[in-house]
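Asker: Attaching a predicted model along with its sequence, questions to come.
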Amino acid sequence: MLLERVMNQLRNECIAARKGELFEKLGDYLTGDNAGKPYHEIATELKMSEGAVKVTVHRLRRRFGELVRGQIERTVASPDEIDDEIRQLFAALN
């Protein structure tokens, strides 16, 4: 599945950057699943501030979006179709 490939790619990028633990702790927050621990608990575990955790989640989400966009770009005939495909993908997931 496309999202699984993207998650694996992002995980590998984080591991290569020696941020694998961050990805493992924050990965649930990338797809809007906020069922994970509260940020303040993760911050304590990672010895970071809560603000730093929020910024890290924001950056991971942005990179996740870039990777999704890149995967979809490879499947459409025209760049004009990318946004529509993304909307359809997330509509199907909801």
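Answerer: Sure, I can see it. Fair warning: this is a prediction, and the values are worked out from it, not measured in the lab.
Asker: need the helix or strand of the protein with the lowest average pLDDT.
Answerer: helix 82-93 (a mean of 86; mean pLDDT, DSSP states H and E).
Asker: Distance from the chain centre to that one, please.
Answerer: 16 Å (Cα atoms, centre = their mean, to the nearest Å).
Asker: So which bits of that helix are buried?
Answerer: Residues of helix 82-93 classed as buried: 82, 85 (neighbour count, 16 or more other Cβ atoms under 10 Å). C-beta here means a position set from N, CA and C on the backbone, and glycine is covered the same way.
Asker: which residues are in contact with that helix?
Answerer: Here helix 82-93 makes contact (Cβ atoms under 8 Å, 6 or more residues apart in numbering) with 2, 3, 68, 69, 72, 73, 75, 76.
Asker: Verify the stated contact: residue 30 with residue 6.
Answerer: No - judged on Cβ atoms under 8 Å, residue 30 makes no contact with residue 6 at a distance of 9.1 Å.
Asker: Many thanks, I have nothing further to ask.
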